[in-house]
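> Need coordinates for the following:
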Amino acid sequence: RLGEPSLVLILKWGGELTPAGRIQAEELGRIFRCMYPGGQ
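Numbers count the residues shown, from 1 in each chain. Sure thing, here's the model as predicted:
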């Protein structure tokens, strides 16, 4: 199914956020904000 739209969700339930999880969350936030006009 190459080329089809997809969505990857990384969910956190309890516990502590790992350093890798923080990096992934920050990168995803930057990408998400750039998807729409007016994003920083």
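
> Spatially central residue for this structure, please.
Central residue of the chain (C-alpha atoms, centre = their mean): L28, 2.9 Å from the mean position.

> residues contacting that residue?
Contacts for L28 (C-beta atoms under 8 Å, 6 or more residues apart in numbering) come out as I10. Every C-beta, even on glycine, is put in place using the N, C-alpha and C of the backbone.

> Tell me how far it lies from P5.
Applying C-beta to C-beta, to the nearest Å, the value for L28 to P5 is 16 Å.

> Also F32?
Distance from F32 to P5, counting by C-beta to C-beta: 15 Å.

> between these two, who's got more neighbours?
Each of F32 and P5 has its neighbours counted (other C-beta atoms under 10 Å); F32 has more, 10 against 5.

> chain center to the helix or strand where that one lies, what's the gap?
Assigned by DSSP states H and E, F32 belongs to helix 19-33. Chain-centre distance of helix 19-33: 5 Å, with C-alpha atoms, centre = their mean, to the nearest Å.

> Equivalent analysis for stretch 26-38, please.
Computed by C-alpha atoms, centre = their mean, the chain-centroid distance of stretch 26-38 equals 9 Å.

> try stretch 6-25
From the chain centre to the centre of stretch 6-25 is a distance of 8 Å (C-alpha atoms, centre = their mean).

> how near is P5 to R33?
For P5, the distance to R33 (C-beta to C-beta) stands at 19 Å.

> burial measure for C34, as a count.
Residues near C34, counting by other C-beta under 10 Å: 10.

> actually L9, sorry about that
For L9, the neighbour count with other C-beta under 10 Å is 5.

> can you check G21 too?
G21 has 13 nearby residues by other C-beta under 10 Å.
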